[in-house]
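Trainee: Compute the structure for the input listed below.
(2 chains)
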Amino acid sequence: MARIGFLEGSIHGFLEALEHALESEELAKRRGLLQGLDPRVKLLGILALIVAATTSQRLTVIGAEVLLAIGLALASHIPLRTLMVRTWLGALAFTGLIAAPAIFLTPGLVLWHVPLLEWPVTAAGIRTAAYLISRVETAATLSMLLVLSTPWTHLLKALRVLRAPVVLVVVLGMTYRYILLLIGTAREIFESRRSRRVGGLDTGQQRRIAISAAGVLLSKTMYFSGEVYLAMQSRGFRGDAYVLDEFRMDRRNWSWLSLLVAASAGAMWAGRH
Amino acid sequence: MAGPLFEVQNVRYCYERVVALDGATLTLPAGLRLALLGANGSGKSTLLRLLDALYFAESGAVRFEGETLTEERFDDESFEFDFRRRVGMVFQNPDVQLFNPSVFDEVAFGPLQLRWPAAEIRKRVEATLEGLQITHLKDRAPHRLSGGEKKRVAIASVLILDPQVLLLDEPTAALDPQSQSQMIETISGWKDSGRTVVTATHDLNILEEIADHCFVFRAGRVAAEGTPAEILDNEELLRQTGLLHSHRHIHKSGEVHSHPHRHHDHRF
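Mentor: Below you'll find the predicted structure:
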């Protein structure tokens, strides 16, 4: 079988990641605490908790928010393993790389020296790294809870509560709709080329194939966008975007919004210097 | 036959240098199910787009209830809204037509553009989905639907406006046999509904079920018209217009035999 090139491999990976993300909509359909709330309540409440976590000056407060997030996940039937795999490990790996130098470079009380390298590990450095990692982990966990408990289409519409322009909501919705289709087309282009290829290709040939595939995909995209515009026009589109909100606030939603905002305000107060 | 709904008079339309319609002239009466028959590239899909005022004739005229369809006429918002509500088109590729992130949003798109009240839109979306028996798809993303489901959602997205005229571009193309049969059943159900249904197709097999009258296209103009039975009986016409092909098979004796063949022959 012919070897998969870098670009082709990247497209495969991107498509798989997107498919994976779409699978998470299954979690959004479960009957749980967060799934039962109005998306606007979740968006505002979780945003407030993220602001509180990122501004907190106390690790105990950030830790309390992590516990709150875990509680929300359990009450929403979102497996902790999913959170761990998709959020905690990834966030730790990326933030750890950024935070690691601070452990050695931040001036302060030296607690220990790394054997052989003799790099000093300072208390202030550990504290700085701990704040960075814990804030990122908390914000990522809360964001993931929002994404996993809300269908993407509802989340987009909920953006309007933050005064996002209607046209932005519509364009994001269409992007979501077509990105899979176009990536699928790109994959088919590469697969059809691979099925007719014998032996390996040198870097230059691979580059030429990648460029020509990009050109073909671009021309297909242009054709498709023209057709989509005609289909929109056919149903009365004249350049202005409209969306239909399906959300309704009830007493339960107001109560949860108040609770989440109060918890965030409490965390901000408790997390002061 | 009822009075004319669309009049197409000596219309020419080109895609850059490729001529799609060249002197097409026909009259489409109201209230009938009409078929535009022709091989690929004969101009039938282009004509549908002209009838839906997505394209405009380079020369000649397309008239809807006596009114000539021009770009300038569609600058008038009230005229465009009235036309779009009364004339709906289902595209050949449903992925083109289903551009919203959910089926609910898709079906609600047309009425939203025409500024219907929100409560009315919700009610009509529910009723339309129910009518086509696709309520269970309401919250699904269009890219997760099967070909047949996509076609039904595409039809729902147009039917919600209760159009007087429905333009269907190859409605059974690329569908599995069961979805094809459902689609034919839906179109057959519009017989005597008072709605004008114009279907562009090259599938002779479904002709009698979906049409009361046919126009056969060749090289961008109408080569013939008549009832489905008249058209299907005219073997010479079908051969000339590329709707009939030769069928080759091997007899038990080993002799290869070839004769004209249309899929209509296989109907029981």
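
Trainee: Give the other helices and strands that the helix or strand hosting residue A:211 contacts.
Mentor: Secondary structure from DSSP states H and E places residue A:211 in helix A:203-234. Taking 3 or more Cβ pairs under 8 Å, 6 or more residues apart in numbering or on different chains; DSSP states H and E as contact, the helices and strands that helix A:203-234 lies on are helix A:6-23, helix A:166-195, helix B:94-97. Yep, even glycine has a C-beta here, placed from its N, CA and C like the rest.

Trainee: ranking those helices by burial, who's on top?
Mentor: The highest mean neighbour count among the helices and strands packed on helix A:203-234, using mean count of other Cβ atoms under 10 Å in any protein chain shown, belongs to helix B:94-97: a mean of 23.

Trainee: pLDDT averaged over that one, what's the number?
Mentor: Here helix B:94-97 scores 90 as its mean pLDDT.

Trainee: now swap in stretch A:154-162 and tell me
Mentor: Averaging pLDDT along stretch A:154-162 yields 83.

Trainee: now swap in stretch B:224-244 and tell me
Mentor: Mean pLDDT, computed over stretch B:224-244, is 89.

Trainee: With stretch B:253-268 instead?
Mentor: Regarding stretch B:253-268, the rounded mean pLDDT is 56.

Trainee: Then stretch A:116-131?
Mentor: For stretch A:116-131, mean pLDDT is 88.

Trainee: Off-centre distance for it?
Mentor: Its chain's C-alpha centre and that of stretch A:116-131 lie 30 Å apart, by Cα atoms, centre = their mean, to the nearest Å.

Trainee: in that stretch, what counts as buried?
Mentor: By neighbour count on 16 or more other Cβ atoms under 10 Å in any protein chain shown, the buried set for stretch A:116-131 is A:120, A:121, A:122, A:125, A:126, A:128, A:129, A:131.

Trainee: Same check on stretch B:28-47?
Mentor: Applying 16+ other Cβ under 10 Å to stretch B:28-47 flags B:28, B:30-39, B:42-47 as buried.

Trainee: so the residue nearest the centre of chain B bridges to which residues?
Mentor: With distances taken as Cα atoms, centre = their mean, the residue of chain B nearest its centroid is residue B:168 (1.7 Å). In this entry, residue B:168 is beta-bridged to residue B:90, residue B:199, by DSSP bridges.

Trainee: thought it was touching residue B:187?
Mentor: Yes - assessed by Cβ atoms under 8 Å, residue B:168 is found in contact with residue B:187 at 7.2 Å.

Trainee: Need the residues touching each of those two.
Mentor: B:197, B:199 (Cβ atoms under 8 Å, 6 or more residues apart in numbering or on different chains).

Trainee: Taking chain B, what residue is nearest to chain A?
Mentor: Relative to chain A, the nearest point of chain B is residue B:113 (3.5 Å; Cβ to the nearest Cβ).

Trainee: What residues does that residue make contact with?
Mentor: Applying Cβ under 8 Å, 6+ apart to residue B:113 gives the contacts A:235, A:236, A:237, A:238, A:242, B:84.

Trainee: Turn the buried residues of stretch A:116-131 into a markdown table, including secondary structure and distance to chain B.
Mentor: Converted to a markdown table, these look like this (DSSP: H, G, I helix; E, B strand; the rest coil; distance: Cβ to the nearest Cβ, whole Å):
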| residue | secondary structure | distance to chain B |
| --- | --- | --- |
| A:120 | strand | 53 |
| A:121 | strand | 49 |
| A:122 | strand | 50 |
| A:125 | helix | 46 |
| A:126 | helix | 45 |
| A:128 | helix | 41 |
| A:129 | helix | 40 |
| A:131 | helix | 38 |
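
Trainee: Quick check: the farthest pair among those?
Mentor: Maximum pairwise distance in the buried residues of stretch A:116-131, criterion Cβ to Cβ, is 19.2 Å, between A:120 and A:131.
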